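> When you get a sec, could you give me coordinates for this:
(one chain, ligands or ions: 2)
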Amino acid sequence: MTTRILVTGGCGFIGSNFVRMVLAERPDWEVVNLDKLTYAGRLENLADVARDPRYRFVRGDICSPETVRDAMTGCTAAVNFAAETHVDRSLLGAAHFIETDMKGVLVLLEEARRVGLQRFVQISTDEVYGSIAQGSFTEESVLNPRNPYAASKAGGDRLAFAYWATYKVPVVITRASNNYGPFQYPEKLIPLFVTNALRDESLPLYGDGRNVRDWLHVADHCRAVLFVLEHGAEGEVYNIAGGNERENIEITNEVLRVLGKPASLIRKVEDRVGHDRRYSLDAGKLRRLGWEPRVSFERGLEETVRWYVEHEAWWRPIKDHDGEFRRYYQEQYGARLG
Ligand code: NAD
Ligand code: DAU
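Numbering: from 1, shown residues only. Ligands and ions are numbered 1, 2, ... in the order given. Okay, here's the model as predicted:
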């Protein structure tokens, strides 16, 4: 029997990489991609598979029960990537985050329960644990989300768990660290800095530039999600991390090195409010089950930088012609960059 899965948010960064991987690696699977096409959702991210007969795109909102019901018809499993995802935007206004990252999850879980899905993967984030000075968070650590994005994701995460604990909806939850790779919207650190540097524009580094993130290549993340979809245990949480902790200034210097651009492009600007200092995950639980990251950070970052160099036709229309991006950039960086 054909396996048909619902992927939500499949036109975003990680979702599009995941859809492409599933179609390539599971030849007998079909994928229904439900995406609202917010500013971050781009049809061109999946242009290469748009005509695949095993792929169907549905434009719609995960907050709409009717839309979700239609899209879920005939599916045995769902992976929920759909979310508002950018911390800085959640600091400018949190309403959309609560709507999609919490209410949207509720709608999906209700429909999953109604149709009797065999698997529901909720994509959560390491941000739900908050900041840690030393050591690493395990799946047993207390949740301490400290910005509106993180809090809304923690709400979705725990709601998904509650639907397993209460109704036995077969939920599995993943919490990944910072992803990097192709097709990441150029508001996030790496694609923003690469594309700014390519045009000799300033790189707005927040605060002292010494906040730490643990970087995970998107292909390794997608492999982990597929692994958990097939082998994860119901009601369980799995941390996913690359094991590549770096200060933001190190990332910035490496981007400049690969591009052959000068350090004078770096501008230390006013910090993000409530900026979490360090994220760190212990991903031992998933590693013991057999998943491990394959992409070395040095190679992955260099390839990623080159991807943006070679795909200017992908990012230039966003940065130059998308009024939404330009308004956001002005609001976020106008005063900071002066
Ligand atoms: P993204 O912003 O690139 O893409 C989000 C996608 O969701 C877009 O295609 C958008 O159109 C869609 N979407 C938003 N609201 C929707 C709605 N109401 N209904 C239907 N579709 C909607 O995000 P991403 O970076 O690919 O992140 C995907 C998921 O992974 C998110 O749940 C995020 O919280 C999680 N995550 C991301 C990272 C990371 O580093 N990027 C790390 C850990 C977890
Ligand atoms: O940790 C997982 C999370 O990673 C995901 O859940 C989020 O969806 C994703 O957006 C990402 O959140 P971050 O806030 O860590 O990512 P961002 O790329 O926005 O920032 C990475 C670091 O770089 C952070 O310490 C802030 C800093 N930064 C970011 C931008 C955009 C800057 O110094 N300057 C910038 O202009």
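> Any idea how far the lengthiest helix in the chain is from the middle of the chain?
Determined from DSSP state H, the single longest helix within the chain is helix 148-167. The chain centroid and the centroid of helix 148-167 are separated by 17 Å under Cα atoms, centre = their mean, to the nearest Å.
> Check stretch 314-331 too.
Taking Cα atoms, centre = their mean, one finds the center of stretch 314-331 at 20 Å from the center of the full chain.
> Ok, stretch 227-243 next?
Centroid separation for stretch 227-243 versus its chain: 15 Å, with Cα atoms, centre = their mean.
> At the contact with ligand 2, which residues of the stretch 201-338 of the chain appear?
Residues of the stretch 201-338 of the chain lying close to ligand 2 (Cβ under 6 Å from any ligand atom) are P204, L205, Y206, N211, R213, N248, R272, Y279. Just so you know, the C-beta spots here come from the backbone N, C-alpha and C atoms, and that holds for glycine as well.
> So which of those residues are in helices?
Under the assignment DSSP H, those contribute N248 to helices.
> of all the residues of the stretch 201-338 of the chain next to ligand 2, which comes closest to ligand 1?
Distances from ligand 1 to those, taken as Cβ to the nearest ligand atom, are shortest for R213 (8.6 Å).
> hmm, back to that, how about the longest helix of the chain and ligand 1, touching?
Yes - judged by Cβ under 6 Å from any ligand atom, helix 148-167 and ligand 1 are in contact via K153.
> With stretch 72-81 instead?
Yes - Stretch 72-81 is in contact with ligand 1 by Cβ under 6 Å from any ligand atom, via F81.
> pLDDT averaged over that stretch - what is it?
Mean pLDDT, stretch 72-81: 98.
> Same check on stretch 177-189?
Average pLDDT, stretch 177-189: 98.
> tell me how far it is from the chain's mean position?
Remark: stretch 177-189 is offset 8 Å from the chain centroid, using Cα atoms, centre = their mean.
> residue ranges of the helices in the stretch 51-200 of the chain, please?
Assigned helices in the stretch 51-200 of the chain, in chain order: 65-72, 87-92, 95-98, 105-115, 148-167, 189-198 (criterion: DSSP state H, counting those that start in this stretch).
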